[in-house]
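Novice: Next input, structure requested:
(one chain, ligands or ions: 1)
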Amino acid sequence: MRIVTVVGARPQFIKAAVVSHKIRKKHTEILVHTGQHFDRNMSEQFFEELNIPAPDYNLGISGGTHAQMTGKMMIAAEEVLMKEKPDWLLVYGDTNSTLAAALAAAKLHIPICHVEAGCRTHSMTNPEEINRICTDHVSSLLLASTQSGMDSLISEGLADRGKTVGDPMYDAFSEYRSYKKISEVRLDMLDGRKINVPPEFYYLTCHREENTGDDRDLLEIFKAMEQLDAPTVYPVHPRNKARAGRLLEQTGTEKILLAEPVGYLDSLCLVSNAKKIVTDSGGLQREAFFAEKKCVTILDFVCWPETMVSGRNELAKPRSADILEKLSHEQTVDPDYKPFGDGNSAEKIIKEMEEYYDNRN
Ligand code: UDP
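Specialist: Alright, predicted model coming up:
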């Protein structure tokens, strides 16, 4: 099979890392990077660390409004697809890159395989929700990471195109989690210092559009973290960097360690060694779960219902009292509860694509 894979954002590089290596043992892959994430520490570093093959095309498209970005990506993706004439378009997750490539391929009648299909927040103010729903509805093969994803596909009348294959983020976590030790992780602080990770710490990430709209939310998050019994490591997404730096200066606290984004292997070390995790990232919520760490998610919708059991992941409003209260709850962990598969989803993804291809008319 000849597969065009389109990626553009940090979590997609991680998923592609585990799938691309296996695709290339038997099939031809043409890798397209839209350019949505372009800073070295949000893109190139992942390709190097995870040994992801260099993209065959880099579309160099980032920034602008949602429509500007999606429109430019559609035009560029269409050109690549018309030239390469693949048997498949393979896309991951819910970014503008995912949607743009899927819309371009659908109109060219190229079958689309969507990995992480069926994930729903049931909030249409969440921009990624629109990307997820539209991508699923134009795709031929819908590969859900969990049963709840499959349930959403069933309720939307998409069951006959759907299969549950497990979560490639869990494959990646299982493969890469012990590559590095926490003592090897150095934080590039925004103030220019390079420091080691403190012996005890909380891990914070926060970058969703929902939490970066006004100063108050981030200030409240900082206010909560400041009151905890250990410092907080906060590698800040470029989207939130200027605001976070300015607000942190206002608080005057030294308990929040504001750093440049870390690489994936470092991030896995932080997850595995943190006391607890506070985030608005879909990927980090799942990694907290994989590492059996208590997570508090600052969003008003559930992304991954499987994690919301036994106090393991709780939603909090961006208000310090709520965050502190949720952080004070302890979780219980059932080691036999494994809703994200067995760490072999990459093989299953490829097998499903092969079966569909062999049975096509
Ligand atoms: N991550 C990383 N460096 C960081 C922060 C996060 O490598 O500085 C990793 C994290 O461990 C997870 C992924 O990035 O694997 C999550 O990506 P992101 O939060 O950008 O997207 P989302 O999961 O919300 O779609």
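Novice: contacting residues for Gly162?
Specialist: Applying C-beta atoms under 8 Å, 6 or more residues apart in numbering to Gly162 gives the contacts Ala117, Gly118, Leu142, Leu143, Ala144, Met150, Leu153, Ile154. Heads up, the C-betas are built off the backbone N, CA and C, glycines and all.
Novice: out of the residues you listed, which are inside helices?
Specialist: Those of the contacts of Gly162 mapping onto helices are Met150, Leu153, Ile154, per DSSP state H.
Novice: Restricted to buried residues, select the residues you listed in PyMOL.
Specialist: Buried residues within the ones in helices among the contacts of Gly162, by 16 or more other C-beta atoms under 10 Å, are selected in PyMOL with:
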select buried, resi 150+153
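Novice: Tell me the one of the ones in helices among the contacts of Gly162 nearest Pro198?
Specialist: For those, the closest approach to Pro198 (C-beta to C-beta) belongs to Met150, at 41.3 Å.
Novice: So the closest one sits against Arg120, correct?
Specialist: No - using C-beta atoms under 8 Å, Met150 makes no contact with Arg120, being 11.3 Å away.
Novice: The residue lying closest to Pro198 once chain neighbours are set aside and Gln36, how far apart?
Specialist: Closest residue to Pro198 apart from its sequence neighbours, by C-beta to C-beta, 6 or more residues apart in numbering: Pro231 at 5.3 Å. Pro231 sits 31 Å away from Gln36, taking C-beta to C-beta, to the nearest Å as the criterion.
Novice: ok, now Ile195?
Specialist: 30 Å.
Novice: what does the stretch 1-150 of the chain have sitting close to the ligand?
Specialist: Taking C-beta under 6 Å from any ligand atom as the contact definition, the stretch 1-150 of the chain meets the ligand at Arg10, Pro11, Ile14.
Novice: quick one: Tyr234 from Gln45, how far?
Specialist: In this view, Tyr234 and Gln45 are 18 Å apart by C-beta to C-beta.
Novice: Compare these two and say which one has the larger neighbour count.
Specialist: Ranked by neighbour count (other C-beta atoms under 10 Å), Tyr234 and Gln45 place Tyr234 first, with 25 against 19.
Novice: sec struct for that one, please.
Specialist: strand (DSSP: H, G, I helix; E, B strand; the rest coil).
Novice: if I pick it, what's in contact with it?
Specialist: For Tyr234, the contact set (C-beta under 8 Å, 6+ apart) comprises Leu204, Thr205, Cys206, Met225, Ala244, Ile256, Leu257, Leu258, Ala259.
Novice: Show me what the helix or strand containing His114 is packed against.
Specialist: Secondary structure from DSSP states H and E places His114 in strand 112-115. Helices and strands touching strand 112-115, by 3 or more C-beta pairs under 8 Å, 6 or more residues apart in numbering; DSSP states H and E, are strand 88-92, helix 96-107, helix 127-138, strand 141-144, helix 345-358.
Novice: and if we set it to 10 Å?
Specialist: Using 3 or more C-beta pairs under 10 Å, 6 or more residues apart in numbering; DSSP states H and E, the elements in contact with strand 112-115 are strand 2-7, helix 10-26, strand 88-92, helix 96-107, helix 127-138, strand 141-144, helix 345-358.
Novice: May I have the strands that pair with the first one, each with its orientation?
Specialist: According to DSSP bridges, strand 2-7 has the following sheet partners: strand 28-33 (parallel), strand 88-92 (parallel).
Novice: still on that earlier bit, export the ones in helices among the contacts of Gly162 as CSV, with columns for distance to Cys113 and pLDDT.
Specialist: Listed next are these as CSV, based on distance: C-beta to C-beta, whole Å; pLDDT from 0 to 100:
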residue, distance to Cys113, pLDDT
Met150, 15, 98
Leu153, 14, 98
Ile154, 19, 98
